[in-house]
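K.L.:
What follows is a protein structure lacking sequence information:
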């Protein structure tokens, strides 16, 4: 039994299996092209679903990321390739893979360590982290 109601999808009750219901499209198929306002709303929604910002790793992983980024900034991308080859089965180095959530943080830290005066900033970061850890442990 098929019912027509202006191109809507309707349930068909005459199905051989009593436990299932089929949905059948009836009526004319139409192509809908969105207008400029609707297209703008779709684009806005698409940009809202993209990842924005950098995910900070937990402190234990952050220490590994920071130290690795410091060495890669100093010794170059060949050093990174060597680490990736040696530690490919070590989950603590997953941040080296571009699809990892902490990869953006890693790349940012390489950039920061590569800038002039970065060694001073790195020692200040480590000193601040050490002081925070000592204060938290007391």
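P.N.:
Ah, there it is. Small disclaimer: the values here were computed from a predicted structure and weren't measured.
K.L.:
Tell me where this protein has strands.
P.N.:
Secondary structure of the chain (DSSP state E): strands at 9-12, 22-25.
K.L.:
mean pLDDT lowest for which of those strands?
P.N.:
When the strands of the chain are ranked by mean pLDDT, strand 9-12 comes last with a mean of 53.
K.L.:
Residue ranges in the protein under the pLDDT threshold?
P.N.:
Across the chain, the stretches falling below the confidence threshold (pLDDT under 70) are 1-34, 39, 42-52, 118-138.
K.L.:
ok, now with 50
P.N.:
When the per-residue scores of the chain are filtered using pLDDT under 50, the ranges that remain are 2-3, 14-15, 121, 124, 127-138.
K.L.:
Would you state the helices of it in chain order?
P.N.:
Secondary structure of the chain (DSSP state H): helices located at 36-48, 59-75, 77-86, 103-114, 118-137.
K.L.:
The second one packs against which elements?
P.N.:
Using 3 or more CB pairs under 8 Å, 6 or more residues apart in numbering; DSSP states H and E as the contact criterion, the elements in contact with helix 59-75 are helix 77-86, helix 103-114, helix 118-137. Glycine gets a C-beta too; all of them are placed from N, C-alpha and C.
K.L.:
Run the angle between the first one and helix 103-114 for me.
P.N.:
With axes from the mean of the first three to the mean of the last three CA atoms, to 10 degrees as the criterion, the two stretches helix 77-86 and helix 103-114 enclose an angle of 140 degrees.
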